[in-house]
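> sequence and predicted structure, then a few things I'm wondering about:
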Amino acid sequence: MSVLEQLNDKQREAAMQLEGPVLILAGAGSGKTRVLTNRTAYMIDEAGINPWNILAITFTNKAAQEMRERIDRLVGFGSESIWVATFHSTCVRILRRHIDLLGYDTNFTIYDTDDSKSVMKEVLKRLQIDTKQYPEKRFLNRISNCKNELSSVEDEERDALGDYADEMFAKVYREYQAGLKKNNALDFDDLLMKTVELFTSFPEVLENYQNRFLYIMVDEYQDTNTAQFELIRLLSAKNKNICVVGDDDQSIYKFRGANIRNILDFEKVFPNAKVVKLEQNYRSTQTILDAANAVIANNSSRKDKKLWTDKGEGEKIRFITVDTAYEEAERIVDLICADKRAGKCDYRDNAVLYRTNAQSRLIEEKCVMAGIPYSVVGGVNFYSRREIKDILAYLKTIDNGKDDLAVRRIINVPKRGIGATTISKLADHAAATGQSFYDCCVAAEEILGHGRAAEKIAEFVELISVFKSKLEFITLEQLVDDILERTDYEAMLEESDPDDAQERIENIGELVNKVVAFEEQNDEPTLSQFLEEVALVADIDNVDENADKVMLMTLHSAKGLEFPNVYLAGMEDGLFPGYMSICADDPEEIEEERRLCYVGITRAMDKLTISAAGSRMIRGETTRNPVSRFVKEIPQELMQGKAPAKMQPKVQPQAGPVKVKPFVTKAKPFAYLTKGSQISSTGAPDYGPGDRVAHMKFGQGTVTEMVKGARDYEVTVDFDNAGVKKMFAAFAKLKKL
DNA sequence: CGTACTAGTCTTTTT
DNA sequence: GACTAGTACG
């Protein structure tokens, strides 16, 4: 019984209930992963359940990986045959086997949001819809919502009757789906919806999986949307052995279609469900838990829970108010530095959490200046960076020429003299004949006739087919290297934007690392498999906790993680809770933000620091915001330092952000941060070789070289902390010291 | 066909 | 303020 001995009474109760529906309401830090893993181990080792009959679903690859590793450590053998995967990858695996029943090819490609946008653009162009009046994003959002709610094109057409806007939407929806299908592609939401469609249209396929997955577990259940709920309901309908783990207080993905009712109504949908509450927290001090409890208590629709710990009171919560966001970043970085110098922590023990990605920039800058190693999670997804998408587009084109978007992306990257007119001629022909774009490239001479254009296309086709023929003999790593070499891709980067070239080349290096890792992890790695894996990664999946770096991330990304020291930055009304949620009529909006705050507070193990700035730049404009209402919901006695008296709202408390005239902040201390402050279009910079200068991102350094270029000076600076950098004077905004 | 400039959007969060 | 897409021009 050793796997159960590691659990407390409540946890054990949840782990031992294998039959029937089980809802585990697991508060933050209550050891839910431990319950899931030990429950699984118990199933296999004690209850004699075949691991092959177990399905465990998570939201991120990271969570899936972690769960599998932990089960591995507990179970003697057999853990590799458990199906542990994310919702999306589970669906992909199922669809790869059966989607032909729905009229798709089983080697479909998965489109990311960028790709979807391109498809939508074409649709709107074809339907002659004015994108100024109806931006593509609005359609895409609505389609996404429909799919999350399992509403098909037909459903929308039926419901639209008579309403002009709804009918137009239904038409766009139909065309968009047709566009995806033509490219043999599915978008993220399709993965779920098509799987549900498959199961409802072909009961024999569903039954096949029902017979396999006798025991189903779902992690982070509070974040499931209707499609995910339906998927689970269908899979478990026959055996009813469904165990879900979640915390309604941590439901923070409503914008993505998550339906909090899924967890709140679990007992109604699954009668006779056993409900277990886990309220003992093993992560945080009592002070932190008291603060979290006090904040979340302000929400109305929730399952009553109260976290407790035997870890002791711990340190008080530190609350810092400063005038500007710059000072906020400085203070946070200083505090981390001081702790590190005093030997109280490693860098990796610290996380700075914020509401919006844009907030990371200032903190990054201060980290660079202070020479602190840091790592930013999120922002622009690694796989959506231009250079990465380019290389992937090459790989997709080589893998199968069916993805028109990929082919068109790289047909003239790097520039090989193929212009817009040539491309649209080929695209028109492809549309008219139903062929793929790449097929038309192969037959370019017949379509375009003899000439320069056809020749250029032929060269491109030749390039791709050389790669294709090599594919069998070389490793994926060699293939990527070969692509880079033959296209002279890096040279193109250097030429087109020297400023970012280095970073982009590093990113490509990172991609190569991932390729190598992929080949090491798989016995028979194929290009298709690699592309598939890459399509479904989230930023959080790539977080390396072992590196000794301060972690910077949004509150959303932080869910599921824990750190000894947590800094919650930008605790201001208007930023967090966001302006939109304050203005919304629906009180549920604020409650969602409050849950996000609860998530943030409960990430902290030992010490929590909260900060607010009197003014900050938001969207290029300086705004003044009062201290966040959430801070005021934390009892005074838990906080260290003064009450937020001087930060009280200045004029009208309820009026939201007050805009301030720009000159207030563009004043002295950061004058060198403003664009073009010391270089006029005609004159030379006021510094030269040998001078000491300051850069907003890299800190201080010495100018070693200055070359006059066509329209600007190219300056080489040896920075004290950031090394030698080459940059253009007009962009670098260097300030002479 | 390629470049350079302009206008417009974004900033709430993401598989 | 930062980035992107679209357009006008060479």
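Ah, there it is. Bear in mind the structure is a predicted one, so any value in this text is a computation, not a measurement.
> torsion angles phi and psi at the residue of the stretch 601-737 of chain A found nearest DNA strand B?
Residue of the stretch 601-737 of chain A nearest DNA strand B, by CB to the nearest atom of the strand: A:Arg619 (4.5 Å). Every C-beta, even on glycine, is put in place using the N, C-alpha and C of the backbone. Reported as degrees, to the nearest 10, the phi and psi values for A:Arg619 are phi 50, psi 40.
> A:Phe518 against A:Leu531, yeah?
No: with contact defined as CB atoms under 8 Å, A:Phe518 does not reach A:Leu531; the gap is 10.2 Å.
> out of those two, which sits in the more crowded spot?
Shown here are A:Phe518 and A:Leu531; by other CB atoms under 10 Å, A:Leu531 has more neighbours (19 against 16).
> next SSE after the host helix or strand of that one?
With elements delineated by DSSP states H and E, A:Leu531 resides in helix A:527-535, which encompasses its position. Along the chain past helix A:527-535, the next helix or strand (assigned with DSSP H and E) turns out to be strand A:550-554.
> any residue of that following strand up close to DNA strand B?
Yes: using CB under 7 Å from any atom of the strand, strand A:550-554 reaches DNA strand B at A:Thr554.
> that strand pairs with which strands?
The sheet places strand A:550-554 alongside strand A:350-354 (parallel), strand A:374-376 (parallel), with pairing taken from DSSP bridges.
> tell me what the next helix or strand along the chain from it is packed against?
Towards the C-terminus, the helix or strand next in line after strand A:550-554, according to DSSP H and E, is helix A:555-558. Using 3 or more CB pairs under 8 Å, 6 or more residues apart in numbering; DSSP states H and E, the elements in contact with helix A:555-558 are strand A:350-354, helix A:587-601.
> contacting residues around helix A:555-558?
Residues lying outside helix A:555-558 but in contact with it, judged by CB atoms under 8 Å, 6 or more residues apart in numbering, are A:252-253, A:351, A:353-355, A:377-378, A:539-540, A:568, A:576, A:596-597, A:599-600, A:603.
> ok, and which of those residues reach DNA strand B?
Restricting the contacts of helix A:555-558 to those adjacent to DNA strand B (criterion: CB under 7 Å from any atom of the strand) gives A:252-253, A:355, A:378, A:539-540.
> just the closest of those to A:Glu328, please.
Looking at these and their distance to A:Glu328, the nearest is A:Arg355, at 13.1 Å (CB to CB).
> in the stretch 551-700 of chain A, what residue comes closest to DNA strand B?
The nearest approach of the stretch 551-700 of chain A to DNA strand B comes at A:His556, 3.7 Å away (CB to the nearest atom of the strand).
> tally of neighbours for that residue?
Burial measure for A:His556: 19 neighbouring residues, criterion other CB under 10 Å.
> show me what contacts A:Thr702?
With contacts defined as CB under 8 Å, 6+ apart, A:Thr702 is in contact with A:690-693, A:717-718.
> which of the residues you listed are buried?
A:691, A:693, A:717 (16 or more other CB atoms under 10 Å).
> shaky segments in chain A?
Counting by pLDDT under 70, chain A has low-confidence residues at A:1, A:641-685, A:695-699, A:707-715, A:721-735.
> now the strands for the stretch 551-700 of chain A?
Assigned strands in the stretch 551-700 of chain A, in chain order: A:563-568, A:604-618, A:621-624, A:639-640, A:658-659, A:692-695, A:699-708 (criterion: DSSP state E, counting those that start in this stretch).
> strands paired with the last one, and their directions?
Okay, so that is strand A:699-708. Looking at strand A:699-708 with DSSP bridges, its paired strands and their directions are strand A:692-695 (antiparallel), strand A:713-719 (antiparallel).
> please apply the same query to the fourth one.
Looking at strand A:639-640 with DSSP bridges, its paired strands and their directions are strand A:317-324 (parallel).
> can you report phi and psi for the residue in chain A that DNA strand C sits nearest to?
Scanning chain A for the residue nearest DNA strand C gives A:Gly620, at 2.9 Å (criterion: CB to the nearest atom of the strand). The main-chain torsion angles of A:Gly620 are listed as degrees, to the nearest 10 and equal phi 80, psi 0.
> what residues does the stretch 1-150 of chain A have near DNA strand C?
Near DNA strand C, the residues belonging to the stretch 1-150 of chain A are A:121, A:131 when assessed by CB under 7 Å from any atom of the strand.
> before we move on, back to that, let's have the strands of the stretch 551-700 of chain A in JSON lines, adding distance to A:Ser436.
Formatted as JSON lines, the entries for the strands of the stretch 551-700 of chain A read as follows, by distance: least, CB to CB, whole Å:
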{"stretch": "strand A:563-568", "distance to A:Ser436": "49"}
{"stretch": "strand A:604-618", "distance to A:Ser436": "45"}
{"stretch": "strand A:621-624", "distance to A:Ser436": "47"}
{"stretch": "strand A:639-640", "distance to A:Ser436": "63"}
{"stretch": "strand A:658-659", "distance to A:Ser436": "52"}
{"stretch": "strand A:692-695", "distance to A:Ser436": "48"}
{"stretch": "strand A:699-708", "distance to A:Ser436": "47"}
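> tell me which of those lies nearest to A:Ile410.
Set against A:Ile410 and scored by CB to CB, the strands of the stretch 551-700 of chain A come closest in strand A:699-708, at 32.8 Å.
> restricting to C-alpha, output that closest one in PDB.
This file holds the C-alpha atoms of strand A:699-708, laid out as PDB (Å, rounded to 0.1, in the frame of the first residue of the first chain):
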ATOM      1  CA  GLY A 699      23.100  49.300 -20.000                       C
ATOM      2  CA  GLN A 700      26.400  51.200 -20.200                       C
ATOM      3  CA  GLY A 701      29.300  50.500 -22.500                       C
ATOM      4  CA  THR A 702      32.100  52.000 -24.600                       C
ATOM      5  CA  VAL A 703      31.900  52.900 -28.300                       C
ATOM      6  CA  THR A 704      34.700  51.000 -30.100                       C
ATOM      7  CA  GLU A 705      33.800  51.800 -33.700                       C
ATOM      8  CA  MET A 706      31.600  54.100 -35.800                       C
ATOM      9  CA  VAL A 707      31.100  53.700 -39.500                       C
ATOM     10  CA  LYS A 708      29.000  56.000 -41.600                       C
END
